[in-house]
Every structure is written in C-alpha cells, then in structure tokens.
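*Asks:* build me a model:
(chains A and B)
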Amino acid sequence: MVQPILQIENLHKKFKDVEVLKGVDLSLETGDVVSIIGSSGSGKTTLLRCVNMLEEFHQGRILIDGEEIGYSGPRHKARKESEIARQRAMTGMVFQQFNLFPHMTALRNVTLGLTKVKKMPAEEANAIAGKWLARVGMSDRCDHHPGQLSGGQQQRVAIARAVAMNPKVMLFDEVTSALDPELVNEVLNVIKDLANEGMTMLLVTHEMKFAFEVSDRVVFMNQGRIEEEGPPEELFRKPKSQRLAEFLKSSKF
Amino acid sequence: MVEPGTFLYELWVSRWAILDGFGTTVLVSMLAIVLGTILGTLVGLVLVYGGWVSRFLVRIYVDFVRGTPVFVLVLASFYLLSQIGIQLTAFQAGLFALVVFCSTHVGENLRGALQSLPRGQTEAAKAIGLTFPQIFVYVLAPQALRQALPAWINTATEMVKASTLLSVIGVAELLLVSRQIISRNFMSLEFYFFAGLIYFLIDYAIERAGKAVERRVALPS
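*Replies:* Numbering: from 1, shown residues only, chains lettered A, B, ... in the order given. Predicted coordinates:
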C-alpha cells in the first residue's frame, strides 16, 4: 500500500469544555483532492486548521509524509516552535479572508516565504514567484499592493503565495466565502487547474457544485465526526445518512 | 534703528538667553522623545508579548504614570529621587520625568497598534512557515508602526509642551527664560506671546514632518 501523504488518526480537539472534533480519521494519498462539507459548527474548518497547527489538538496524530505534525511520541508532547514552523511549511494554506500582507506588493507577498523560510536568493525567489503569479493570471499585477486588488485577485495572489512554497498538501479554507459572486469562478478555476495537475488538496467549501466537480472524494462532517465519506457521485447522488440528505437538500446543490 | 524700550529692542538684548532657552527646550524634548520611545517600545512589547507577571507589573507602571499629572511627575522626580539618594540635576530629573511620561504613551500606543492587527496576518505568516521573530519583523511591526505613527507624532508634540513644566524646577528652558526676561522689563504680553509662538512653530514643524513621513509610508490603495 502507498504511504498516505496526509494521515489524520483519531483526532480530538476541545475548545474549553466543548469537544469540536470527536475522533476524526482521514487520509489522503498524493494527488488526492478531498472536499470537506458540512454545516457550520461541524468542525470542518477546525480540522483543516489542526493540519496546519493553527489549532492545538489534544489527542490523536497527524502525519504528513510519515512525519508527525506538532507533537511527538505517545505522550503527545508539543514540539518546539521552530520545529512547528518548519512543519507548517510542509502544508500551504489559503484563508477565507485572503490575509495578504497589505504592506507588501503581490510579488513580495509570494517571495517572503521563499527568501525567509527557504532562504532562497532574491533572484530565484522572484523567478518562482513570477511563475506562480503568472499561473494565477496575476503577472500584470506583481507590483500592486493588496489594497489595489479586487477580492478575487487578492485570493489568487494568496494561492500563489501558498503553492510557491511547494507544499506537500494544500489546504483551502472556504476560500470563496468572502468573495462577491462574480469573482468566485476566477478563484475556483485556479484551484481546479491546480487539482488537475495533481496537487494534493484538502478543501473546506460551501460550493457544492465545485466540490462535486473537483473532488476525488468528499467528506461530510457532522458534530465533530466524519459522518460519511466517498466519491462525489455517491455522496451527492445517493447519500446514506439522513443528516447528509437533509444537508444536501438545504444547500443549493 | 530700534529704540530702547520697544519689544524688538528687548528681544535683541535678550537674544542669547532666548536662544539658550530654545536650545534647552529642543534638547530636552528631543531626548525625552527618543529615550521615551525606546523605553516605550519595550513597554509596548511587554504589554503584548510578556508573561503575565511582567505584563502585570508594566501595566501598573503605565496606569500609575498615566493617572498622574506630568507636573507631579516632574516635581516628584526632582524632590523625591534626591530623598532616596539619587542625586540628579534639575535637567536630569526633568528629563527623567518626561521620559517616563513619554514611555507610557508610546507603550500604550504600540500595544494598541499591535493588538489591532487582524489575527489572520499572524496566521498567514505562520502558514508559510515563518518563525515568530520573522513574523514580528516582516509582517507585524511594519503594519503596527504605520498605525502607531499619527499618535506618536501627537505624543512628540505633547512632549514639547510638557517640557515647559521643567521651568518650575529651575531648568532654564524657553518658558523660564521668558519669565526671567519679563521680570526685568515687565513686557509680559509680548514675551509670553513670543514664547507661545516659538512653541507653536516647534510643534508645527513636528506635525508637518510627521505628515510628510505618513504620506511617504502610506500604502497605495
């Protein structure tokens, strides 16, 4: 069996006394595109943030390319900050609110990680950043600051910033939720292109049609657990659980 | 030429004294701003990133100083410090009071600017693998400093005005010099007005320079 690139085992996460993840297991092989759907509060965004160590978790393991993320050993000992920083660079994350650095040009947003984390010389970093900005259709906006870009353009730069780091897994957290409807497709198309090229992706999304089209597998989360998981045709056409059926009925799919 | 007994004549006669006072005002204000900003930066950093003990102590310091009139601070550092065996000249004591005062304003201001940055900035920086010092230097500080700049300029002008309080402990700054001149020639209206004009010009210059810097570092949108 191929070793999964991302493996989540029995993940538990509490906010104070509320358990938001109640034992989640999920694994992705290289090239997999997996969408997580579910109503708000189901824990899907939290799950994604745990993979990038933006949230701590209390039990379970996350392995990327066989390496345990954030913690080590059976006693769940937290790793050092510098170690966690290095591990975070193994995944790329795109946020709902873009979170571009407003004081930097689009190009500098992308090169920052390359020069400071990967310690690349500026020339090499600029070349890679330029290539990725071209891929997301932002070549002519390299010197613009985020404040001069539309939401869709900002999100495309944010995608370039994340993929330029050459992560093993890309994480997308409701990346079109903050966009005006007419800007959604330009972002989704970029993601689709990357998916078709074999990039491994874990997405949290409310765009059911998009999830249906782009995913190899879809995961339905409900109350901190994975309720149902399978190929999009099965999940969307023949939901097994009643909760998923209700969820699909109430969403626009 | 200028007749004795006129304002211009008196001004000319006391030109060196006034220049001295002006120099002292500028020097003490500048030192207070520079040293207060350095100390205030530490105060701000502790308030945001310090452990709870250091945060608690610095919080008390800030609230105590900000709750005290600068005038009282000046008197206290001149009269009380010598009581506990710290012998300072009037200039040093006054400067000390202004630095303390300035540091609390700069500290609070910086704390506010840092805490107002969206959490997403730190998260995005973490996500690309930056360590905390890198996040601070490349992502947080440049944004926080831009945000803190207008209030900092305001604090700088406040420091120039607060430096007049040093006249009560005998520092021969512009206001005290003006009062000495007035006690000689009784032209209180003219010389107070003149001193006021100088203070206005100093603060106006700071304000204009600050605005120029603000424009330079403004982000295009």
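*Asks:* I'd say residue B:91 and residue B:171 touch.
*Replies:* Yes: A contact is recorded between residue B:91 and residue B:171 when judged using Cβ atoms under 8 Å, the distance being 5.3 Å. Glycine gets a C-beta too; all of them are placed from N, C-alpha and C.
*Asks:* which one of these two has more residues nearby?
*Replies:* With neighbours defined as other Cβ atoms under 10 Å in any protein chain shown, residue B:91 and residue B:171 compare such that residue B:171 has more, 25 against 18.
*Asks:* is it true that the more buried one lies in a helix?
*Replies:* No: with DSSP: H, G, I helix; E, B strand; the rest coil as the criterion, residue B:171 is assigned coil and is not in a helix.
*Asks:* spatially nearest residue to the residue in chain B that chain A sits nearest to (excluding sequence neighbours)?
*Replies:* Minimum separation of chain B from chain A (Cβ to the nearest Cβ) falls at residue B:129, amounting to 2.9 Å. In space, not counting the residues next to it along the chain, residue B:129 is nearest to residue A:89; the distance is 2.9 Å by Cβ to Cβ, 6 or more residues apart in numbering or on different chains.
*Asks:* kindly report the same for residue A:57.
*Replies:* With sequence-adjacent residues excluded and distances taken as Cβ to Cβ, 6+ apart, residue A:57 is closest to residue A:13, at 4.4 Å.
*Asks:* what's around that neighbour, how many residues?
*Replies:* Here the number of neighbours of residue A:13 (other Cβ under 10 Å) works out to 23.
*Asks:* mean confidence for the helix or strand encompassing it?
*Replies:* With elements delineated by DSSP states H and E, residue A:13 resides in strand A:6-15, which encompasses its position. Strand A:6-15 shows a mean pLDDT of 95.
*Asks:* my read is residue A:176 is in a helix, agree?
*Replies:* No: the assignment for residue A:176 is coil, going by three-state DSSP, so no helix is present there.
*Asks:* you'd agree it is up against residue A:190?
*Replies:* No: with contacts counted by Cβ under 8 Å, residue A:176 stays clear of residue A:190, the gap being 10.8 Å.
*Asks:* quick one: residue A:20 is in a helix?
*Replies:* No: secondary structure of residue A:20, determined by three-state DSSP: strand, with no helix assignment.
*Asks:* dump the residue contacts of it.
*Replies:* Residue A:20 is in contact with A:13-14, A:41, A:43, A:46, A:224, counting by Cβ atoms under 8 Å, 6 or more residues apart in numbering or on different chains.
*Asks:* in chain A, what residue comes closest to chain B?
*Replies:* residue A:89 (2.9 Å).
*Asks:* need phi/psi at that residue.
*Replies:* Dihedral angles phi and psi of residue A:89 (degrees, to the nearest 10) take the values phi -70, psi -10.
*Asks:* count of neighbours near it?
*Replies:* In terms of burial, residue A:89 registers 20 neighbours under the definition other Cβ under 10 Å.
*Asks:* again with residue B:216
*Replies:* The criterion is other Cβ under 10 Å. On that basis, residue B:216 has 7 neighbouring residues.
*Asks:* try residue A:2
*Replies:* Neighbours around residue A:2, by other Cβ under 10 Å: 6.
*Asks:* then residue A:63?
*Replies:* Residue A:63 sits with 16 neighbouring residues when counted by other Cβ under 10 Å.
*Asks:* contact residues of the stretch 51-200 of chain A facing chain B?
*Replies:* When proximity is defined as Cβ under 8 Å from any Cβ of the partner chain, the stretch 51-200 of chain A approaches chain B at A:52-54, A:81-82, A:85-86, A:88-89, A:91-93, A:95, A:97, A:99-103, A:112-113, A:116-117, A:144-145, A:147-148, A:158, A:161-162, A:165.
*Asks:* in strands, which of the residues you listed appear?
*Replies:* A:91-93 (DSSP state E).
*Asks:* which one of the residues you listed is nearest to residue A:124?
*Replies:* Checking those against residue A:124 with Cβ to Cβ, the nearest one is residue A:92 at 18.5 Å.
*Asks:* so what's that closest one up against?
*Replies:* Residue A:92 is in contact with A:162-163, A:165, A:167, A:169-171, B:127-128, counting by Cβ under 8 Å, 6+ apart.
*Asks:* that one bridge partners, please.
*Replies:* The partner list for residue A:92 in beta bridges (DSSP bridges) reads residue A:170.
*Asks:* what's the pLDDT at it?
*Replies:* Per the predicted model, pLDDT is 96 at residue A:92.
*Asks:* quick one on the thing from earlier: distance check, the residue of chain A closest to chain B against residue A:82.
*Replies:* 11 Å (Cβ to Cβ, to the nearest Å).
*Asks:* also residue A:108?
*Replies:* Looking at residue A:108 against residue A:82, where the rule is Cβ to Cβ, the gap reads 24 Å.
*Asks:* higher neighbour count, those two?
*Replies:* residue A:108 (19 against 10).
*Asks:* hang on, that one in a helix?
*Replies:* Yes: Residue A:108: assigned to a helix according to three-state DSSP.
*Asks:* please, where are all the helices along chain B?
*Replies:* In chain order, chain B shows helices spanning B:7-13, B:15-49, B:52-66, B:70-83, B:90-116, B:119-127, B:132-134, B:141-162, B:174-185, B:188-217, with DSSP state H as the criterion.
*Asks:* coming back round to it: mutual contacts of residue B:91 and residue B:171, please.
*Replies:* Joint contacts of residue B:91 and residue B:171 (Cβ under 8 Å, 6+ apart) are B:24, B:28.
*Asks:* ok so, going back, ok, the residue nearest to residue A:57 - contacts?
*Replies:* Contacts for residue A:13 were tallied using Cβ under 8 Å, 6+ apart; they are A:19-21, A:43, A:46, A:50, A:55-58.
*Asks:* can we see that at 7 Å?
*Replies:* With contacts taken as Cβ atoms under 7 Å, 6 or more residues apart in numbering or on different chains, residue A:13 has the following neighbours: A:20-21, A:46, A:50, A:55, A:57-58.
*Asks:* list the beta-bridge partners for it.
*Replies:* On the basis of DSSP bridges, residue A:13 takes part in beta bridges with residue A:21.
*Asks:* residue B:37 against residue B:106, yeah?
*Replies:* Yes: with contacts defined as Cβ atoms under 7 Å, residue B:37 counts as touching residue B:106 at a distance of 5.2 Å.
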